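K.L.:
Would you be able to build a 3D model of this:
(chains A and B)
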Amino acid sequence: GQQVMQIPQYQHVQEGEDFTTYCNSSTTLSNIQWYKQRPGGHPVFLIQLVKSGEVKKQKRLTFQFGEAKKNSSLHITATQTTDVGTYFCARATNAGKSTFGDGTTLTVKP
Amino acid sequence: KAGVTQTPRYLIKTRGQQVTLSCSPISGHRSVSWYQQTPGQGLQFLFEYFSETQRNKGNFPGRFSGRQFSNSRSEMNVSTLELGDSALYLCASSSGGRDQPQHFGDGTRLSIL
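P.N.:
Numbering: from 1, shown residues only, chains lettered A, B, ... in the order given. Purely as a prediction, here's the structure:
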């Protein structure tokens, strides 16, 4: 189907360690969106990738879109306690509709 | 610019009752989408309204319905509530074009007793 699979489901890191979450699809994606949901909060849009091989950075966050446009990753360098939350990838399947991955929940031990 | 506003924030109902949730999108946004979030099923798409018309629909039973008003505000209704309907219901707005990011409200946490 049009699902996106995310791994890992959970990640526990020590503050200062790096973190990566991966998003995979069996079909070619026209785009991939990333969201972050803090505990008790709502998903907040982070970024959208649309081009094959695209790499975008937001401070310590690096987002990549695979060459085949079937996978994407989010890498956080030197995690901080403010990075805790669940990171979702999503594909916009139709205008106004997004299909979300199950998310990766990150916990950071100070 | 004000964000997406959902009311109420919390709701407790009993089985068999019905409930109506409200969502006011960001000013200028014409698309309103509804999602159900549960620990076991993640974020599941319910439906999307654009210019007062349901444009997209997820795989939920007919007990889940919605509508959108001329000012783009949207309501979601769930009838004959079941225990499994306990969830966080999130509303998201966007300009309505394909590939536009979704801007979420804080959600309504619905608990069914």
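
K.L.:
Chain neighbours aside, what residue packs nearest to B:Ser51?
P.N.:
With C-beta to C-beta, 6 or more residues apart in numbering or on different chains as the criterion, B:Ser51 has its nearest non-adjacent residue at 5.7 Å, and that residue is B:Arg30. Quick note: C-beta positions are derived from backbone N, CA and C, even for glycine.

K.L.:
repeat for A:Ser26
P.N.:
In space, A:Ser26 is closest to A:Lys70, 7.3 Å off (C-beta to C-beta, 6+ apart).

K.L.:
swap in A:Thr20?
P.N.:
A:His75 (4.7 Å).

K.L.:
Could you list the residues of chain B in contact with chain A?
P.N.:
By the rule C-beta under 8 Å from any C-beta of the partner chain, the part of chain B lying against chain A is B:31, B:33, B:35, B:42-43, B:45, B:48, B:50, B:55-56, B:58, B:90, B:92, B:94, B:96-107.

K.L.:
Can you tell me which of these are buried?
P.N.:
By neighbour count, with 16 or more other C-beta atoms under 10 Å in any protein chain shown, the residues of chain B next to chain A hold B:31, B:33, B:35, B:42-43, B:45, B:48, B:50, B:55-56, B:58, B:90, B:92, B:94, B:96, B:100-107 as buried.

K.L.:
Tell me which of those residues fall in helices.
P.N.:
Assigned to helices by DSSP state H, none of these qualify.
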